[in-house]
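Q: need the 3D shape of this:
(chains A and B)
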Amino acid sequence: MNWGVLLFPGSNCAEDCFHAVDKILGKPVKYLWHKDTDLGDVDAIIIPGGFSYGDHLRPGAIAHLSPAMTAVKEFASNGGLVIGVCNGFQILTESRMLPGSLLQNRGLKFLCQDQSLKVDNSDTPFTSEYDSGDVVVFPIAHNEGNYYAAPDTIAEMEANGQILFRYCSPEGEVSEETNPNGSINSIAGIINRTGNVVGMMPHPERSADGVLGLSDGKGVFVSMLNHLEAQNDS
Amino acid sequence: MLKAIVTVMLKKGIFDPQGRAVQNGLDSIGFDQVKKVRVGKQLEMELEMTDMATAEASVHDMCDKMLANPVVESYSFEIKEA
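A: Down below sits the predicted model:
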C-alpha cells in the first residue's frame, strides 16, 4: 500500500506528512512532483500545506492548474483517497474538487495556534478513529482559512454530513466567539459528496507524533489506513 | 499590441475585512464621509494580439480559468491599444 505526498514549489509541510505515514503508520510513502502526469501506484494522496507558487494571485490558484492535479482529479474520480491540508485544502477548492473557497481571515491576521476542534462526522474514511462530538486539538497556521460557500451549498453540505471538523472551545462549544477566522458555521474541514476527498485547514500531520506535544491528528492517518486495509481485504 | 486591464473584486455580499480596515483607517484621519470600501486587484496585461474580439474572448477565458475564482470573485476588464 503506497502513499503519495504531492510537492509544489513552496510546499512546506510535506516532510511532516511524509513522517506521519513513514514513521507513525510505518507504511511506504513517496513524494509526487507537481509536473508529474502519471502518479504511479498510489492508494492515497496527501496535498500538504505551504505557500505553493508564493500564494500569488490567490492561494492555490496557480498550483491547481499544474499537470499533477489533472492526475489527482482522475485518481479521485476513481474513488482514491485524497486529503489536502491548509494550502492543500485551498488547492482542492480552487480545483473545484471541493465546494466553496477560503477567504482571508476575518481578523486580517495570520493565525498560528493550537486549536480545539469538534469532530462533526466520524463516519468517513478520514475520521473513523474518532467519535462524533469528540474534541481534538490540532495546530492551525493560516492567513486565508475563512471558509465560504454560497448558502444553498452550505445547507446541502450540512444535510449530507459533509462537515468533518468545526472550530470550538476546549470544552467543545461551537460559537462565533470560538471561531478563529470567520468561517461559515465554524467549518474547519469538509469532505466531498462521494466521501473520498477531504480538505481541512488544521494540521493533523503536525499533531500526529506525540513527541511534538500533540497527538490527536494521528487519528486521521490511522482512519485512512484502516479504510485502505479494509478495502484490500474485501 | 493590445493592453488588457482586468479588475477582480470579491462578489457583492461577501464580507471584505480588508475594505473595512481601510474604511476605519480613513475614518481615523477624518474622512468620515466614506461609508464603504471594497478592496480588489487590478491586472495589466500586454497582449501580442491585434484583433479586439479575439482578445476579449481570450481574456474572458483567462479570467474563468485562473485570474478570478467565480465562487467568491467577479471580474471586469477593458482592452485598448497599447
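Q: and whichever residue of chain A sits closest to chain B, bridged to which residues?
A: Across chain A, no residue is closer to chain B than residue A:101, which sits at 4.4 Å (CB to the nearest CB). C-betas here are computed from N, CA, C, even on glycine. Counting by DSSP bridges, residue A:101 forms beta bridges with residue A:148.
Q: what sits against it?
A: Applying CB atoms under 8 Å, 6 or more residues apart in numbering or on different chains, we find residue A:101 in contact with A:93, A:94, A:147, A:148, A:149, B:69, B:71, B:72.
Q: you'd agree the fourth one is up against residue A:106?
A: No - Residue A:148 is not in contact with residue A:106 according to CB atoms under 8 Å; the separation is 10.6 Å.
Q: tell me the residues of chain B that contact chain A?
A: When proximity is defined as CB under 8 Å from any CB of the partner chain, chain B approaches chain A at B:10, B:14, B:15, B:17, B:18, B:21, B:65, B:66, B:67, B:69, B:71, B:72.
Q: what count of nearby residues applies to the closest residue to residue A:49 other than its chain neighbours?
A: The shortest distance from residue A:49 to any residue that is not its chain neighbour, by CB to CB, 6 or more residues apart in numbering or on different chains, is 3.2 Å, and that residue is residue A:86. With neighbours defined by other CB atoms under 10 Å in any protein chain shown, the count for residue A:86 comes to 29.
Q: residues contacting residue A:86?
A: Remark: with contacts taken as CB under 8 Å, 6+ apart, residue A:86 is in contact with A:13, A:48, A:49, A:50, A:141, A:142, A:145, A:200, A:201, A:202, A:203.
Q: next one: residue B:50
A: With contacts defined as CB under 8 Å, 6+ apart, the neighbours of residue B:50 are B:1, B:2.
Q: name the SS class of it, please.
A: The assignment at residue B:50 comes out as coil when based on DSSP: H, G, I helix; E, B strand; the rest coil.
Q: for it, give me the backbone phi and psi.
A: Geometry field for residue B:50 lists phi and psi as phi -120, psi -30, criterion degrees, to the nearest 10.
Q: roughly how far apart are the residue of chain A closest to chain B and residue A:151?
A: 14 Å (CB to CB, to the nearest Å).
Q: for the record, mean pLDDT for stretch A:191-210?
A: Average pLDDT, stretch A:191-210: 98.
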